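K.L.:
got a predicted model here, sequence first, then my questions.
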Amino acid sequence: MKLVAVAPRLGLALVFVLIAPFPGRAQVFHHPRDMGFGDSRFGIGNTAMFRFQLENGLPGFVVPDLTVPLIQLTAFVRAGRGDDDHQGVAEMLVAAMRRGPCWMGASGFRQAMNRMAATLEIHMTADLTEISFNVPAEHAEQGMRVFSGIIREPCLDREGLEAFRRPGGEGGGTPAFPPPGTGNEPGPLLRDGSLQLAVDLFHAKLFEGHRYDDVITEQDLTDLALDDVEDFHREFFTPTNMVLAVSGAFERRRILQQVDQRFADWEERRPPRLRNASRIETPPRQTLRYRAGKLQTWIVIGHELPRVNPRDIPVLQVMNYILGGGHFDTRLFREVRDKRGLANDASGFLEFNVRGPGSYTFRTYGRHEVAQQLIDIIYAEIDRMQNELVSEEELFVAKGALIDGDFAMRFENGVTTARTLAEEFVRYGTLDHLIRYPDRVDDVSAEDVRRAAQRYLDPERMVEVIMGR
Amino acid sequence: MLVIVVLAASLSLTQPGTAQQPSPFDLPIQEHVYPNGLRLLVLERRDDLRVAAKIFTDMGGLNEVPGELGAAHYLEHLMFKGTRTLGTTDWDAEAPLVERINTTEAKLIAELNRARNDIQERGVFHDYSHARSTPRADSLRAEIAALDSAVSQFRDHGAMMRWYQAFGGTRLTASTEQEYMKFDINLPRSRVALFLRVEADRMRNSVFREFDQERMILVEQRYGDLNRLTTPYYEQMNAVVGVVHPVFWPEGFATDFSQYTRKFQRELYDRYFVPNNTTIVLVGGVRFEAMVPLVDEYFGWMPRAPEPPRVQVVEPEPAAERRLIFRSSDLAPRVEARFLMPGVGHPDRPLFDVILAVAESMLKDALAAAGIEGRVNANTRVVHTTRFGVPASLNLELILRDEADVEAAETVLLATINHLATSPVTEELLGIVKGQLKADWYRTALNADRLAFEIGHFETMDSWRALQPYLEARDAASARDLMRLARRYLVAENRTIGVVLGPEQGSVDATSAAGAGAGAGAGR
């Protein structure tokens, strides 16, 4: 469905021309629908020119961008918290990588990072790890050496293990919470409260006993062995189990030489055992209550999101965009904020994982006395999505926003382009879904949206975390 | 269909290092000032498929009055409620109701003025929740609520956002800080006219709908601030550092939110949202020559208005060190030194970015050398913002694991500051810090939205022309410059020390003591 075909159905143009208090000039009041924007729908052309692959099988994407003299190096690895056999092993590896390559020593690494003015960010989900290294172009060669060292030779030593175990350290910081109040019980009083804490508690409950459980206990820390971390690294951090994204101010041939120099001699031992995680059978609706001595109540309501076929992602995103997709014009936002002044925000969050279940949550917060109203509105709007068709205008807005907005922004510059291509490739081993995404969004109908709401939302199986008074 | 190959192909033709830049911070900004005073700033990036578009108004928290703090921020919220052509299904039917709301509110204001001695708040802080009123004021409020309800039947919610989103607009935000209000969008470059159409309308024809609902959103946002453990402490520090300047005031106290009126909001709007107080910034794939007439089409009709009043407050020179003891059972112990420093536009201001980073590095080393467990929080933040066109403060905070280390940490803090004034920093450290500042700037400049913000922000603080020299001055800073700076500003008379400790042993809880004295009804 193309924009030009939709516009006439939205009604006749309303053109307002009001006379302004300025002689000879008037303000232009064309309605936005009638400003002739119908011809632009973002799409991807040939991506083959960005692709490379080393002889050892390591694939990647290289996108030059001369806007500023920086280089961005990113590695996506098919390994996450859910892939280790002992709780805390994957997180310990992340902590070790943050301490730099073993041959530099933690102190030498910090000094080198300072001198290069480089930055390192590592983000791990249940089944994916992203390592991002940014460095001024003048330090490209040294930066590439350090980057490859972080990935290939992280320092898995006793000092790092002790730092990981220490209270307040990366592993030792997982708080132990008292059991919640359930039903109408008020629950225990927490020392602090926040929306993030409520989200963490939701995830802890949803994934309790599952591979994707990310809570690390004192016992897990005690049991953590360096050998396990080494085995994990050896198994999953291999050339064919990762994808590189390289972007910035460089000449393609020269940067690829550097990539080759730092990664080509990395031998593939054997393919990792990539396992799919089981789905979660969420029990009937349950409410977990906590008290926090704060001015607002935080609410997280949601359940498991089963593994979604990538072909179904567009319709799910259209549905969530209309319902609560994190912008100022969702149904939830209008109901809780515009119409009633109850809360600053209420949004829906789709969290996909590749090899196992994710979650679909609705999050909001407001003064204590409106908490129940907020919960009721979330359920009422879910009910509307499941039982009524969205309007043509809602569909038109969502499609434009997802294709010409969110999707196009993923190719905003060289850095985002390389990252998008690499992330897609590491997830699915192909760019086909990415290339076809705009058309698939365009094809979504109102009936598709209702079906997605019925399939992916189940009010009877929601876990509710309520943290407040 | 636009394809990303176009972007990449054009980039890949250029060899590295061939871009001839006279300065590592070269900013080829082009300016056009219209006869009505509107300023257009364009930075072309011709390969970009999108454009970051922002409209800055030179007004903010500095332009508020005590008792109605947060009013500028509130105005920003109201400017999302639509205009006469966006946000309503029938303006002709709605307009008479809006007019009746305004006349009823005028009666309410008159009634509150008439009864001022009867309803004046005479309690102190623990009595503030008494909402004194009169029967006539209550009746007028009910009338306004009923009219508001009648207006809602014509409401088209979300219209100020919807069409941006439908046509690919992202990162739609707005923010109000002490010195500016801005609205932002990032659009496909072929649709920049949508930004001009919507923002011209927002600037001249905003209708303040859902006034009381939005008032509660301000309360919610304030609650969100107060939920952070550090907010009460930082606000107390600001109150001690600044004696009179509104840059140090918070975004509204709970008692302020009920005071906002449509009349006051309308006065703010009419006074400041005029072309000669407005700057449009475009960064991305647009051409300056094409933008000049296009902007004129949408904004050129607006007449130049009287120059809005400017804040003339000058923070007096401090005469002695100030000290705040803040007790909290929740907040980590800490010790902090704050120093008044000049605003952007003063030649010393760029050097403060350098000395801040140098001090942070030295303090980390000094804490470790002293065997004190803790971390350094060095910044120039006041409320949410880190740069101002007026004097603000440089803040060096040591957050500690153990309260027993507070005294030793203060010694470390003051010794490090003294070292900055008495010994030149090493060339190695200076080089590292300047390299990091430069790299951070490049990370900002890569992102069109962040770059557009910096350009607009400098224009409201001083001038967009000051941005590039500011970056160059940081890069040229010498060890001698930093020593001079430390001797001039980082001195005891210009210093405020903040110390956070746990509750005093044997202390009486202030809340329960006040509650016992105030009787029933006090407190929320």
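P.N.:
That came through, no problem.
K.L.:
now the end-to-end length of stretch A:186-206.
P.N.:
This stretch, stretch A:186-206, spans 20 Å end to end (CA to CA, to the nearest Å).
K.L.:
how many neighbours does the nearest residue to A:Ile313 once chain neighbours are set aside have?
P.N.:
Using CB to CB, 6 or more residues apart in numbering or on different chains and skipping residues adjacent in sequence, the residue nearest A:Ile313 is A:Phe352, 7.2 Å away. (Each C-beta comes from the backbone N, C-alpha and C, glycine too.) The local packing of A:Phe352 (other CB atoms under 10 Å in any protein chain shown) involves 17 other residues.
K.L.:
and B:Thr231, how many neighbours?
P.N.:
By the criterion of other CB under 10 Å, B:Thr231 has 15 neighbours.
K.L.:
what sits against it?
P.N.:
B:Asp225 (CB atoms under 8 Å, 6 or more residues apart in numbering or on different chains).
K.L.:
and it, how far is that from B:Tyr260?
P.N.:
To B:Tyr260, B:Thr231 is 21 Å away according to CB to CB, to the nearest Å.
K.L.:
ditto for A:His210
P.N.:
Distance, A:His210 to B:Tyr260, by CB to CB: 49 Å.
K.L.:
where does chain B dip in pLDDT?
P.N.:
B:1-21, B:126-131, B:507-524 (pLDDT under 70).
K.L.:
quick one, strands of it?
P.N.:
For chain B, the strands defined by DSSP state E cover B:29-33, B:39-44, B:50-57, B:170-176, B:181-188, B:278-284, B:322-327, B:334-341, B:374-379, B:392-400, B:495-501.
K.L.:
any chance of those strands in CSV with distance to chain A and mean neighbour count as columns?
P.N.:
What follows is the strands of chain B, written out as CSV (distance: least, CB to the nearest CB, whole Å; neighbours: other CB atoms under 10 Å in any protein chain shown):
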stretch, distance to chain A, mean neighbour count
strand B:29-33, 15, 15
strand B:39-44, 11, 22
strand B:50-57, 6, 26
strand B:170-176, 4, 18
strand B:181-188, 6, 24
strand B:278-284, 9, 27
strand B:322-327, 17, 14
strand B:334-341, 16, 23
strand B:374-379, 10, 18
strand B:392-400, 12, 23
strand B:495-501, 16, 20
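K.L.:
to A:Glu393, which of those strands lies closest?
P.N.:
strand B:170-176 (17.9 Å; CB to CB).
K.L.:
looking at this, A:Val28 is in a strand?
P.N.:
Yes: counting by DSSP: H, G, I helix; E, B strand; the rest coil, A:Val28 is found in a strand.
K.L.:
which pLDDT value goes with it?
P.N.:
Looking at A:Val28, its pLDDT is 81.
K.L.:
setting aside sequence neighbours, what's the nearest residue to it?
P.N.:
Closest residue in space to A:Val28, ignoring its immediate chain neighbours: B:Tyr298 at 5.6 Å, by CB to CB, 6+ apart.
K.L.:
OK, contacts around that neighbour?
P.N.:
A:Gln27, A:Val28, B:Ala193, B:Leu196, B:Arg197, B:Ala200.
K.L.:
neighbour-wise, which of these leads?
P.N.:
Busiest of the contacts of B:Tyr298 [other CB under 10 Å] is B:Ala200, holding 26 neighbours.
K.L.:
measure it to B:Leu38 for me?
P.N.:
10 Å.
K.L.:
now do the shared contacts for those two.
P.N.:
B:Phe299, B:Met302.
K.L.:
near chain B, which residues of the stretch 251-400 of chain A show up?
P.N.:
A:251-252, A:254, A:294-296, A:327-329, A:333-334, A:337-344, A:365-367, A:396-397, A:400 (CB under 8 Å from any CB of the partner chain).
K.L.:
spell out the residue ranges of the helices in the stretch 1-150 of chain A.
P.N.:
A:3-6, A:89-98, A:105-116, A:140-152 (DSSP state H, counting those that start in this stretch).
K.L.:
for the nearest residue to A:Glu464 once chain neighbours are set aside, give me its contacts.
P.N.:
Leaving aside its chain neighbours, A:Glu464 sits nearest to A:Thr287 (4.4 Å; criterion: CB to CB, 6+ apart). Neighbouring residues of A:Thr287 by CB under 8 Å, 6+ apart: A:Thr182, A:Gly183, A:Glu464, A:Ile466.
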